[in-house]
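> Have a look at this prediction, sequence included:
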Amino acid sequence: MTIAKTKELPAKVPSQLDTDLTLLGLHFMAEHHSDLANRAVRDSLGHIDYLTKLTEGELQLRRDRTTLRRIKNARFPVIKTLDQFSWNWPTTINRMAVQNLLRLQFHKEHANIIFLGSVGLGKTHLATAIGYAACLAGKSVLFSTAVDAINTLAAAQAASRLKIELKKYLAPSLLILDELGYLPIDKLGADLLFQIISQRYERGSIIITSNRAFNQWPEIFNNDSMLTSAILDRLLHHAETMVVEGKSYRMKDQVDK
């Protein structure tokens with residue numbers, strides 16, 4: 001018994017139109033113009049409607065690529081949304097207030113958001129979810145731990161590149177500084193962080209997560225009460241503070257035993 005060989009279809013040869021559209025960077029049009037032309041004939045669409053569908057598809061493809069680029073540039077450790085958040089785990093959280101932040105009104109007002117609470121309660125998740133929503137809304141975002149930002153700027157200062165590196169934390173319309181207070185900060189680090197906060201004051205929003213209450217912040221900043229007051233003054237002038245209380249979600253399995 002012999003098995004008949006399946007005849008392979010010849011590869012589609014790109015037309016001059018395909019080539020020209022690709023050279024122009026009109027990738028959606030290059031890929032879909034033929035299918036949409038057949039659909040236009042089937043549905044009796046005119047030339048204007050056909051071109052409208054082509055341009056709409058091209059614009060949407062570019063919007064999607066731009067959004068993906070913003071999300072990549074934000075450097076989120078993991079993508080999170082509020083739909084994924086376990087609202088019933090913290091014993092204290094103002095759910096409506098947090099969800100209202102997705103409207104991004106605080107961003108329009110160049111206000112700040114500060115999440116306070118002990119470890120494992122989802123502060124980073126909430127900050128990331130708001131940052132992700134900002135990316136989808138067309139805003140530039142940068143996520144960094146406070147310590148990473150300080151270490152990066154300290155290295156830049158040592159290499160006489162501080163002004164250039166500092167711009168990376170000033171340029172995004174929303175900056176997320178995670179885990180402030182988890183590790184002690186020396187005087188240099190406190191001064192560098194103050195530069196970020198003071199230069200973004202009333203120019204760009206900051207979201208900060210911290211495991212320390214405000215009255216403990218001098219301990220974060222090398223017990224420099226004057227610098228701490230200056231930082232808090234700028235952060236809290238236009239800010240919403242979200243307190244999250246409860247037991248660590250990461251210890252949930254141990255608690256349930």
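Arrived safely, thanks for sending.
> Please enumerate the strands of the stretch 51-200 of the chain.
Assigned by DSSP state E, counting those that start in this stretch, the stretch 51-200 of the chain shows strands spanning 112-116, 141-145, 174-180.
> Which of those sits closest to residue 244?
Closest of these to residue 244 is strand 112-116, at 6.3 Å (criterion: C-beta to C-beta). C-beta coordinates here come from the backbone N, C-alpha and C atoms, glycine included.
> can you list contacts of that closest one?
By C-beta atoms under 8 Å, 6 or more residues apart in numbering, the surrounding residues in contact with strand 112-116 are 101, 106, 123, 126-127, 130, 205-214, 235-236, 238-244.
> And the next helix or strand past whichever strand or helix holds residue 209?
Assigned by DSSP states H and E, residue 209 falls within strand 205-210. Downstream of strand 205-210, the next assigned helix or strand under DSSP H and E is helix 217-220.
> circling back: which of the contacts of strand 112-116 count as buried?
The neighbour-count test (16 or more other C-beta atoms under 10 Å) marks 101, 106, 123, 126-127, 130, 205-212, 235, 239-240, 242, 244 as buried among the contacts of strand 112-116.
> re the thing from before, compute the inter-axis angle for the strand holding residue 209 and strand 112-116.
Here strand 205-210 points in a direction 10 degrees away from that of strand 112-116 (axes from the mean of the first three to the mean of the last three C-alpha atoms, to 10 degrees).
> Pull up the pairing partners for strand 205-210, direction included.
Looking at strand 205-210 with DSSP bridges, its partner strands are strand 112-116 (parallel), strand 174-180 (parallel).
> Any chance of these in a markdown table with mean pLDDT and distance to residue 223 as columns?
As requested, these are arranged in a markdown table below (pLDDT from 0 to 100; distance: least, C-beta to C-beta, whole Å):
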| stretch | mean pLDDT | distance to residue 223 |
| --- | --- | --- |
| strand 112-116 | 98 | 20 |
| strand 174-180 | 97 | 16 |
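> Could you work out which of these reaches nearest to residue 42?
It's strand 174-180; of these, that one is closest to residue 42 (C-beta to C-beta) at 45.8 Å.
> Give me the pLDDT for residue 11.
If you check residue 11, the pLDDT there is 45.
> again, but for the one 10 residues further on
We note a pLDDT of 71 for residue 21 in this prediction.
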